[in-house]
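Student: Below are the sequence and a predicted model for it; my questions follow.
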Amino acid sequence: MEVTARRTRRAVGRKSNLDLTPSISRLIPMVTSTLLPILLSINTFASLAAAQTTPIPVVGVKTGVDFNTGQRPIRRNINDLFARGGPQWDLYILALSDMQAMDESEELSYFSLAGIHGLPHKVWNGVEQVEGAPDTGYCPHGETIFAPWHRPYVALFEQTLVTHALAIASRYPPSLLPAYTDAARTLRLPFWDWASDPSLPYAVMNDSIKVGNTPNSSLASLSPPNNNGTGGGSGAPSGAVGVKVRNPLYSYRFQEGSVMYQFDNTLGLYPQTLRCKFEELAEDNKTVIKRWSEPWMAEEGMKEAGSQLRDSVYDLFVRPDPRGWGATGFEDPHNTVHNNAGCASGTMANIAWSAFDPLFMLHHANTDRLIALWQAIYYQNATFNYSFPSGGQLGTKMGAILTADSPLKPFHAEFPVTIGSGNATPPSDAGGFFHTSNSVAGLRTFGYSYPELNTDWQTPDKDKLAAQVRKAVNKLYGSSDDGSADVQGQAGVSGRDIDSNLKDKLVVEEKDDTENDGGRKTEENSKITFRRSRSRSRSRSLSASSNYKETEEEEEVTTTTSKDNDGKQPEENNKITLRSSRYFSDFNSSAKQKQKRQTYGSQSLTKNYYYTAELSVDRSEVPLPCTISLIVNGVVMGRMALLGMPMEGIAKVSMPLARPLKTVVKNGEQQQGSQSQKRGVNGDEKMMFGKEKKGRWPSVEEVKPKRGLGHVDMTPKKIIPFLKGNMTVEIRSNDQTLTDPSTVRSLHLEIQDWEYIPRKNASEFPVFQNPRKWPMGIRGPGGHGGYGGGRH
């Protein structure tokens, strides 16, 4: 495609219904003294945009920032912003609508900002395509700079949005002006926390939405939809209260003659972005007679991936990359959101188009938030300290060696930034200086914060701040290892996940064993450790033995429960102990000997195991975009989501298996119990692993726990053979085509088992240590034969 350079800067408000440079003298009679700095800020930003030779800098939002203390306004959860309503919600919707109404040729229009990411592969801000660069957008997917690159990108969108909000606020009547002025000053882009709630925000689900008040002038960009949903009405009335407007969060409508209509892709046949694309064909099964979008299907896709997303995020926090910089791993759950929120065929699922969906910025604001929390916890590694070859983007040559001081094109800084003894913002051929991974490492650069980091300005002690953020992460995404957090608010423990009869039993035991009737031992389970399936893309350079050997010190106790005088299992044994197996150095030791619960720095006879699946593949050998799933007995253990870019290179993902293993075990117990009941098998005639008697598949556990949950043998000698015999691989492209995994020669799978130490309190993370690797064969869903053959 021909690349065209636009070196001239156009005024932000041209061909728009919004004049971003209002006359101050005209407004003075109706403004307060606090509005003057806002108008000067609007004029300054518009002047930068209109300059003929100066690139548009990414400076973030300066209004609402206390430059003495460093306190910045926060980006709010979209659900919270919607529920609060009021001036800030009104301005967010009105400003976003006005951005979308700008002429698509404008440098700071919604269309042009979205086009930075992928299509239409045009030069932005004077940063031209370099020799040896591919015909793509500027976004570096699948690379270390994925995380830092998106920070100035989202900040650029945010500063443009707030500029519109400031100007719109100035048009409200005197009675509302102060409230709307203050709301505009502190407005920041909201985020969608898909890791804690995968449901699509309600605010994005309908093509119309209400705002509380509109300004004293009609805005045509707020036209409510017509009966056919295409918009084009007369605009929102001036000074209206509780008015319904077209929802700019539902979709973006491409303007007449848009360059996007020329691309050879079915998305180019639609006049607006789509969450899930549907077509109705004529009798010839070729002619399309109707096309439409169904956002509720995206809702279902996100809910399906909810457990994996939450656990993927938590795993990235608690098992950091051995190389130090682990924030890039958040690209993996990010990919899953793109595929599932786009139903594999919608705008979000196509990485070249995805930035045009209004959901994109909510999604990436949350990705940036997760990275910011990670940086606060691992502040010693706020950015990476190694080099790597670039896969190539519009402004970067393929194979170029990049570091944390390499330019994040096409984003310019306002002025040179010095970090340490060097210049962190290299000069640009278009004039000015580029941002780098080092220059964007902190949120203060762009004037915003997040709820979990809202005290960073008054907490100079980085270790104290890290502890506060760990506590927030545990509460949002973690599990209640030690009972120190709110059970109902935990990611892995919720009312829906626990038998109602067990909710009151979630307690912390100081000892693992107690005496019962005559000195006999009754084993009490230690802790509850739930995890959801989580995946991430980063290599593990940890050495581990590939052969498992049972030692004398790890002699397994085959009977994990005892009975009282009435032959009934004590109530203490009904607590949940997934991933927990107990070993005794002396099986014949005194029954009265007390065994202490495992603690940090002490030698314990109790071991907890944590399993991960490590999957890697060469992107060039699979159909992109696609999803590679690991499946055991119908349960998806984890997913690797690969987008359409990059098209080459090795993709790696680590998928924790604790949560889906629990599901497999529970399903097996239920099925086994049903089969045993039908055959009249007594309680002792259970299917032993690898020695199936009459059941349909071998079970992991030796003793069937009460209520389908309870004592489960999760030692490697049980779990590893079980996974080897039952795990299959499915490769499904976004068009639903299946690929035989045995034909993908680069596909590699192994299981790792980790010793797991639960966290001591709400402000600490669990500890994972001593991993061991177990190579796995590649089998398709058909079993050992796959789609016609297996590879072992």
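Tutor: The structure has been received and is ready for your questions.
Student: Kindly provide the distance from the residue lying closest to residue 263 once chain neighbours are set aside to residue 779.
Tutor: Nearest residue to residue 263, sequence neighbours excluded (Cβ to Cβ, 6 or more residues apart in numbering): residue 119, at 6.3 Å. C-beta: built from backbone N, CA, C; applies to glycine. According to Cβ to Cβ, to the nearest Å, residue 119 and residue 779 sit 38 Å apart.
Student: swap in residue 637?
Tutor: 13 Å.
Student: Find the residues that touch each one of these two.
Tutor: residue 727 (Cβ atoms under 8 Å, 6 or more residues apart in numbering).
Student: picking that back up, please look at the residue nearest to residue 263 and residue 352 and confirm they touch.
Tutor: Yes. Using Cβ atoms under 8 Å, residue 119 is in contact with residue 352, at 4.7 Å.
Student: Quick check: neighbours shared by the two?
Tutor: Common contacts of residue 119 and residue 352, defined by Cβ under 8 Å, 6+ apart, comprise residue 137.
Student: how about the helices of the stretch 101-250 of the chain, start to end?
Tutor: Listed in chain order, the helices of the stretch 101-250 of the chain (DSSP state H, counting those that start in this stretch) span 110-115, 146-169, 177-185.
Student: what would these look like in CSV with mean neighbour count?
Tutor: Shown next, in CSV, are the helices of the stretch 101-250 of the chain (neighbours: other Cβ atoms under 10 Å):
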stretch, mean neighbour count
helix 110-115, 23
helix 146-169, 25
helix 177-185, 21
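Student: Among those, which comes closest to residue 281?
Tutor: Nearest to residue 281 among these is helix 110-115; the distance by Cβ to Cβ comes to 30.2 Å.
Student: rewinding a little: I'd like the helices of the stretch 101-250 of the chain as JSON lines, with distance to residue 609 and mean pLDDT appended.
Tutor: JSON lines is the format used below for those (distance: least, Cβ to Cβ, whole Å; pLDDT from 0 to 100):
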{"stretch": "helix 110-115", "distance to residue 609": "46", "mean pLDDT": "96"}
{"stretch": "helix 146-169", "distance to residue 609": "31", "mean pLDDT": "97"}
{"stretch": "helix 177-185", "distance to residue 609": "51", "mean pLDDT": "96"}
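Student: want to throw those into a markdown table with distance to residue 765?
Tutor: Rendered in a markdown table, the data for these read as follows (distance: least, Cβ to Cβ, whole Å):
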| stretch | distance to residue 765 |
| --- | --- |
| helix 110-115 | 37 |
| helix 146-169 | 20 |
| helix 177-185 | 37 |
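Student: Can you say which of the ones you listed is nearest to residue 607?
Tutor: Once these are compared by Cβ to Cβ, helix 146-169 is nearest, at 34.8 Å.
Student: between the closest one and helix 177-185, how many degrees?
Tutor: If you take axes from the mean of the first three to the mean of the last three Cα atoms, to 10 degrees, helix 146-169 sits at 170 degrees to helix 177-185.
Student: what packs against helix 146-169?
Tutor: helix 35-50, helix 86-101, helix 110-115, helix 177-185, helix 359-377, strand 407-413 (3 or more Cβ pairs under 8 Å, 6 or more residues apart in numbering; DSSP states H and E).
Student: Those: which one's closest to residue 199?
Tutor: So among those, helix 359-377 is nearest, using Cβ to Cβ, at 12.4 Å.
Student: Hmm, residue 318 is touching residue 765, no?
Tutor: Yes. Contact criterion Cβ under 8 Å: residue 318 and residue 765 qualify, at 4.4 Å.
Student: ok, which stretches of the stretch 601-750 of the chain are strands?
Tutor: For the stretch 601-750 of the chain, the strands defined by DSSP state E, counting those that start in this stretch cover 606-618, 626-632, 635-642, 650-656, 727-733, 738-739, 748-757.
Student: Sorry, slip of the keys, the one I care about is the stretch 201-350 of the chain.
Tutor: If DSSP E, counting those that start in this stretch is used as the criterion, the strands of the stretch 201-350 of the chain fall at 208-213, 241-246, 277-281, 288-293.
Student: Turn those strands into TSV, columns for mean pLDDT.
Tutor: Below are these laid out as TSV (pLDDT from 0 to 100):
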stretch	mean pLDDT
strand 208-213	92
strand 241-246	84
strand 277-281	77
strand 288-293	71
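Student: Quick check: which of the strands of the stretch 601-750 of the chain is buried the most?
Tutor: Per-stretch averages of neighbours, counted by mean count of other Cβ atoms under 10 Å, single out strand 635-642 among those, with a mean of 25.
Student: Report the mean confidence score over that one.
Tutor: Mean per-residue pLDDT for strand 635-642: 94.
Student: Can you name the residues in contact with that strand?
Tutor: Contacts for strand 635-642 (Cβ under 8 Å, 6+ apart): 305, 308, 332, 335-336, 338-339, 533-535, 537, 613, 615, 617, 619, 622, 624-631, 651, 653, 655-657, 660-661, 663-664, 667, 727.
Student: Low-confidence ranges, this structure, go.
Tutor: Within the chain, the segments meeting pLDDT under 70 span 1-53, 216-241, 264-265, 323, 417-425, 428-431, 479-606, 668-713, 782-792.
Student: and the nearest residue to residue 405 once chain neighbours are set aside, backbone torsions?
Tutor: Spatially, and ignoring its direct neighbours in sequence, residue 405 is nearest to residue 436 (5.2 Å; Cβ to Cβ, 6+ apart). Dihedral pair for residue 436: phi -130, psi 170, per degrees, to the nearest 10.
Student: Distance check, residue 436 against residue 126.
Tutor: As judged by Cβ to Cβ, residue 436 and residue 126 stand 18 Å apart.
Student: Same drill for the two, tell me which one is more crowded.
Tutor: Shown here are residue 436 and residue 126; by other Cβ atoms under 10 Å, residue 436 has more neighbours (27 against 22).
Student: Am I right that residue 54 falls within a strand?
Tutor: No. Note on residue 54: no strand contains this position according to DSSP: H, G, I helix; E, B strand; the rest coil, which reports coil.
Student: Make sure it is actually in contact with residue 433.
Tutor: No. Contact criterion Cβ under 8 Å: residue 54 and residue 433 do not qualify, at 11.4 Å.
Student: So for those two, which residue has more residues nearby?
Tutor: residue 433 (21 against 17).
Student: is that one in a bridge, and if so with what?
Tutor: For residue 433, the beta-bridge partners are residue 413, residue 427 (DSSP bridges).
Student: you'd agree residue 354 is up against residue 119?
Tutor: No. Counting by Cβ under 8 Å, residue 354 stays clear of residue 119, with 9.7 Å between them.
Student: Show me which of those two is the more surrounded one.
Tutor: A count of neighbours by other Cβ under 10 Å puts residue 354 above the other of residue 354 and residue 119, at 26 against 23.
Student: Spatially, what comes nearest to that one if we skip its sequence neighbours?
Tutor: Nearest one to residue 354, counting by Cβ to Cβ, 6+ apart, is residue 348 at 5.0 Å.
Student: So which of the helices of the stretch 101-250 of the chain is nearest residue 738?
Tutor: Nearest of the helices of the stretch 101-250 of the chain to residue 738, taken as Cβ to Cβ: helix 146-169 at 28.5 Å.
Student: For stretch 321-336, which residues meet the burial criterion?
Tutor: The neighbour-count check on stretch 321-336 (16 or more other Cβ atoms under 10 Å) flags 321, 325-336 as buried.
Student: what about the strands of the stretch 601-750 of the chain, which gets the closest to residue 178?
Tutor: Residue 178 lies closest to strand 635-642 among those, at 46.7 Å (Cβ to Cβ).
Student: tell me the angle of the closest one relative to strand 606-618?
Tutor: Interaxial angle, strand 635-642 versus strand 606-618 (the same axes, to 10 degrees): 40 degrees.
Student: the inter-axis angle of strand 635-642 versus strand 650-656?
Tutor: Using the same axes, to 10 degrees: strand 635-642 against strand 650-656 is 150 degrees.
Student: Just the C-alphas of strand 635-642, formatted as PDB.
Tutor: Extracted as PDB, the C-alpha positions of strand 635-642 are listed here (Å, rounded to 0.1, in the frame of the first residue of the first chain):
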ATOM      1  CA  VAL A 635     -12.500 -29.400  30.400                       C
ATOM      2  CA  VAL A 636     -10.500 -26.600  28.900                       C
ATOM      3  CA  MET A 637      -7.300 -26.400  31.000                       C
ATOM      4  CA  GLY A 638      -5.900 -23.300  29.300                       C
ATOM      5  CA  ARG A 639      -5.700 -21.300  26.100                       C
ATOM      6  CA  MET A 640      -3.100 -19.600  24.000                       C
ATOM      7  CA  ALA A 641      -4.700 -16.800  22.000                       C
ATOM      8  CA  LEU A 642      -2.700 -15.700  19.000                       C
END
